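Q: Structure for this input, please:
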Amino acid sequence: MSMACPQCKKENPNNINYCWHCGRALSLYARNKNLEKSKKLEEANEKNLTLQKKLLEFQKNKNGITELQETIKSLSNELKTNKEHRDNINNEELTMPLIILSVILVVIIIFVIINFSMS
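A: Numbers count the residues shown, from 1 in each chain. All right, here's what the predicted structure looks like:
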């Protein structure tokens, strides 16, 4: 960073004591003021970097939340579809398979009892 001469207003490097253009002695006050500006600029740059990092983290989290919301929405739609399908099945369609399974179970039990008693 450079320092402006208080007399000719031309820029000079920070590490010199006299203006390269007009020869005026550069005051300690001007140097300190320039250093303060430099420090403030560095602090502002650091804050800017911190804010950029936070913004990136927020965007990553936002994308994750969006994906999660889409998954929940998809699962919700699937549950609704399954419920509608379940509601459309009437009791008669479920009764017949249950009767058949019951008869098969009785036949298996009888078969096991007969084979167990013969041995």
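Q: Can you list the helices and strands that the longest helix along the chain packs against?
A: The longest helix of the chain (DSSP state H) is helix 28-88. Helices and strands touching helix 28-88, by 3 or more CB pairs under 8 Å, 6 or more residues apart in numbering; DSSP states H and E, are strand 2-4. Placement of C-beta: from N, CA and C, glycine included.
Q: still on that earlier bit, and the longest helix of the chain, how far out from the chain's middle?
A: 6 Å (CA atoms, centre = their mean, to the nearest Å).
Q: Can you name the next helix or strand after that helix?
A: helix 91-118 (DSSP states H and E).
Q: Report the residue spans of this structure with pLDDT below the cut-off.
A: 1, 29-31, 34, 85-94, 119 (pLDDT under 70).
Q: Recalculate using a threshold of 80.
A: 1-3, 15, 27-38, 58-69, 72, 79-98, 116-119 (pLDDT under 80).
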